[in-house]
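# my questions concern the predicted model and sequence given below.
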Amino acid sequence: MPTTDDILTEATALQQSMWPEVPCSAGPMLPGWITAAGLFSSPEELEEFLDYEGSFNPGVDLKSRAAFLMSDYCYIFFMATVPLLVGRGLVPDLSPDAVSLQFYTYHGEHDGEPMTVRRARVRLLSPQIFTDRHAGPFSIVTDHAALCERFRMGVERHFEPLVEALAKRTGFSKNAQWRLIGDGIAGRFLDVGRRFGCLPEAIASAIAIVKAQGSPLNNRQLGYFDLTLHDSTLKEPFTYTFRARGGCCRYYTVEGAEKCATCVLKSNEERDAILLQEMRTRICLK
């Protein structure tokens, strides 16, 4: 029977191999790292993060910087943790003092353009896991529905101090922040489900997590939708699944920027027309 360490090591190794931009590992705290609890409770650390978010456009307001920070942190956190659940049926201890980070500058490419962004390596400090497989003494074996519930509870516990800190420092509303967190979850389950070839199952898991009654993650707009492109040059109609956002990332407040294609501030008709055109462009149709 595999041990808890075996399961964590194998799951995080798989995550690292597929998402090296935000590698996840497990083990004791390392020098030069900071726990999420330490990050959230440090005015200096949060101020540095907010300054970074404003470095691309110094004129952007404090609420927008907070929105960018939350979106970036969600990108890091869920890229590290969602693959563990989707790919290996595993939910680690997600409490802020059980997750550590080492921030670094990532030089990469986005849509063919070079980019330099702040990313982080993530390390799980606790051996306790919830899993759908039998393992060692630090594991709690449960079914998939309970795993999704544990993930949701872990996310809420993890992000609550960050939401409180950003609301106090920037005035960015707690509700708006939770909407961005829900968007982060839904978007990452979509991407990870595609990578692992289990999109319907991943979407079902995400819905179970973000649509729980009474959860701050739950809002009416958040969900998924399909668009189908019909064109005479295609052998058959092409269908693609998108995330319907529940929150606004406030990117439109940056000078010269426009609303995202899936912006919650757009009507469904406007959103769908833009996305269908992007689908047409991506598969080289005129």
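Cool, the structure landed. These numbers were taken from a predicted model, which means no experiment stands behind them. Numbers count the residues shown, from 1 in each chain.

# can we go C-alpha only for contacts and neighbour counts from here?
OK.

# what's the neighbour count on residue 69?
Neighbour count for residue 69, taken as other CA atoms under 10 Å: 21.

# look up how far residue 181 lies from residue 8.
Separation of residue 8 from residue 181 (CA to CA, to the nearest Å) stands at 25 Å.

# more crowded one of the two?
residue 181 (27 against 23).

# sticking with that one, tell me its helix or strand.
helix 174-196 (DSSP states H and E).

# and what of residue 91?
In this structure, residue 91 sits in strand 90-92 according to DSSP H and E.

# show me what contacts residue 200?
The neighbours of residue 200, taking CA atoms under 8 Å, 6 or more residues apart in numbering as the test, are residue 193.

# what kind of secondary structure is it in?
Judged by DSSP: H, G, I helix; E, B strand; the rest coil, the three-state class of residue 200 is helix.

# tell me how far it lies from residue 81.
Relative to residue 81, residue 200 is positioned 19 Å away (CA to CA).

# equivalent analysis for residue 141, please.
Residue 141 is 18 Å from residue 81, where distance means CA to CA.

# what pairs with the lowest-mean-pLDDT helix or strand in the chain, parallel or antiparallel?
Within the chain, no helix or strand scores below strand 139-141, which has a mean of 81 by mean pLDDT, DSSP states H and E. Applying DSSP bridges, strand 139-141 is found paired with strand 129-131 (parallel).

# what comes into contact with the strand it pairs with?
Contacting residues not belonging to strand 129-131 are listed as 4, 89-93, 138-143, 147, 150 [CA under 8 Å, 6+ apart].

# quick one, which of those residues are buried?
The neighbour count (16 or more other CA atoms under 10 Å) marks 4, 89, 90, 91, 92, 93, 139, 140, 141, 142, 147, 150 as buried among the contacts of strand 129-131.

# reformat those as CSV; add distance to residue 159.
What follows is the buried ones among the contacts of strand 129-131, written out as CSV (distance: CA to CA, whole Å):
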residue, distance to residue 159
4, 25
89, 22
90, 19
91, 16
92, 15
93, 13
139, 23
140, 23
141, 25
142, 24
147, 18
150, 14
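
# looking at those residues, which is nearest residue 59?
Using CA to CA, residue 93 comes nearest to residue 59 of the buried ones among the contacts of strand 129-131, at 38.5 Å.

# list the residues that contact the closest one.
Applying CA under 8 Å, 6+ apart to residue 93 gives the contacts 99, 124, 126, 127, 128, 129, 154.

# wouldn't residue 216 be in contact with residue 176 here?
No: under the criterion of CA atoms under 8 Å, residue 216 is not in contact with residue 176, lying 10.0 Å apart.

# wait, is residue 115 part of a helix?
No: Residue 115 is assigned strand when assessed by three-state DSSP, not a helix.

# residues in a beta bridge with it, which ones?
Residue 115 has these beta-bridge partners by DSSP bridges: residue 108.

# in three-state terms, label the residue lying farthest from the centre of the chain for me.
Relative to the centre of the chain, the most outlying C-alpha is that of residue 232, 36.8 Å out, by CA atoms, centre = their mean. Using three-state DSSP as the criterion, the local structure at residue 232 reads coil.

# strands along this protein, start to end?
Shown for the chain, the strands assigned by DSSP state E span residues 24-26, 34-35, 90-92, 99-110, 113-124, 129-131, 139-141, 223-229, 238-244.

# spit out the contact partners of the residue nearest to residue 237 when sequence neighbours are not counted.
The spatially closest residue to residue 237, leaving aside those adjacent along the chain, is residue 230, at 4.9 Å (CA to CA, 6 or more residues apart in numbering). Residue 230 is in contact with 236, 237, 238, counting by CA under 8 Å, 6+ apart.

# and the pLDDT for residue 230?
As predicted, residue 230 sits at a pLDDT of 87.

# again, but for the one 10 residues further on
pLDDT recorded at residue 240 is 94.
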